[in-house]
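Asks: Just a sequence and a predicted model for now, questions to come.
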Amino acid sequence: MLEIRTIELRDEKAYHDFQALLAEEGNPFIQVKQLEAGQFAAFVERSKRQETETDNPDWSTSTNYYAFKDGQIAGRVGCRWELDKGDLAMVGGHIGYVTSPAFRRQGIMTELLAFALERYRERGILEVLITANKDNLASRKTIEKAGGQLENIITLENNKKLARYWVQL
C-alpha cells in the first residue's frame with residue numbers, strides 16, 4: 001500500500017536514498033536534487049512555500065507529492081498549478097514525475113498520477129497537460145492509461161522529441 005503525501009522532516013533518509021538511486025542511474029532526463037548535509041530542513045520549508053509563492057515570476061506554484069512504500073520513496077509527482085508560467089504550456093506541462101529505479105514496473109506511477117489528477121480536479125483545473133520524451137514508451141503508456149490524448153510531438157532545440165498529452169477531467 002502506498003502512502004502519498006508531501007515531504008516532511010522525518011523523510012530525510014528516504015529522500016537522500018531516492019536521489020542517490022536516481023543519480024546512480026544517470027538518466028539525463030531526470031533532474032536529481034542531491035542536498036548537502038544540513039540542507040534538508042530548508043528544502044522541506046521551500047517545498048511548502050512553493051505551493052503558494054515562487055522565487056521567480058516565470059515559475060509556477062507547485063506541490064510535490066511523494067509515494068512512500070515500506071519507508072522508501074517509490075516515486076514523486078510534481079503538480080505545477082499555473083500552466084501560463086515560463087515554457088510550461090509548450091514543454092513542461094502541468095505534471096512532472098519520476099519513479100525510483102527500485103520500484104519501476106509495479107504500477108506506482110499509475111497510482112501516483114491518478115492521485116495528482118484528483119488534486120487538479122479539486123482545484124477546478126479540468127484540462128491537464130503532461131509531456132514525455134517521445135522515446136520513453138513506459139512514461140507515454142502511463143499517461144495514456146491515465147486518459148491522456150496525444151496532441152502532438154514537438155522537436156526541442158536539442159533535437160529531442162517531446163510527446164504532449166492532454167488529460168480531460
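Replies: Structure received. Numbers count the residues shown, from 1 in each chain.
Asks: list the buried ones in the helix or strand bottoming out on mean pLDDT in the chain?
Replies: The least trusted helix or strand in the chain, going by mean pLDDT, DSSP states H and E, turns out to be helix 12-25, with a mean of 90. Residues of helix 12-25 classed as buried: 12, 14-15, 17-19, 21-22 (neighbour count, 16 or more other Cβ atoms under 10 Å). Using the backbone N, CA and C atoms, a C-beta is placed for each residue, glycine as well.
Asks: Show me what that helix is packed against.
Replies: Packing contacts for helix 12-25, counted by 3 or more Cβ pairs under 8 Å, 6 or more residues apart in numbering; DSSP states H and E, involve helix 40-49, strand 72-80.
Asks: swap the cut-off to 10 Å and go again
Replies: Judged by 3 or more Cβ pairs under 10 Å, 6 or more residues apart in numbering; DSSP states H and E, helix 12-25 is in contact with helix 40-49, strand 62-69, strand 72-80, strand 95-99.
Asks: Next, the angle strand 62-69 makes with it.
Replies: Angle, helix 12-25 to strand 62-69, by axes from the mean of the first three to the mean of the last three Cα atoms, to 10 degrees: 90 degrees.
Asks: got the contact list for helix 12-25?
Replies: By Cβ atoms under 10 Å, 6 or more residues apart in numbering, the surrounding residues in contact with helix 12-25 are 7-8, 11, 30-35, 37, 39-41, 43-44, 66, 68, 70-76, 98-103.
Asks: Likewise for stretch 120-128?
Replies: For stretch 120-128, contacts defined as Cβ under 10 Å, 6+ apart pick out 79-83, 93-95, 113, 116-117, 119, 143, 146-148, 165-169.
Asks: then the helix with the most length in the chain to CSV, C-alphas only?
Replies: The longest helix of the chain (DSSP state H) is helix 108-123. Extracted in CSV, the C-alpha atoms of helix 108-123 (Å, rounded to 0.1, in the frame of the first residue of the first chain):
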residue,chain,number,x,y,z
ILE,A,108,3.5,3.1,-8.6
MET,A,109,3.3,5.9,-11.2
THR,A,110,-0.2,4.9,-12.3
GLU,A,111,-1.4,5.3,-8.8
LEU,A,112,0.5,8.5,-8.1
LEU,A,113,-0.6,10.1,-11.4
ALA,A,114,-4.3,9.2,-10.6
PHE,A,115,-3.8,10.9,-7.2
ALA,A,116,-2.3,14.0,-8.8
LEU,A,117,-5.1,14.3,-11.3
GLU,A,118,-7.6,14.2,-8.5
ARG,A,119,-5.8,17.2,-6.9
TYR,A,120,-6.2,19.1,-10.2
ARG,A,121,-9.9,18.2,-10.3
GLU,A,122,-10.3,19.5,-6.7
ARG,A,123,-8.7,22.8,-7.8
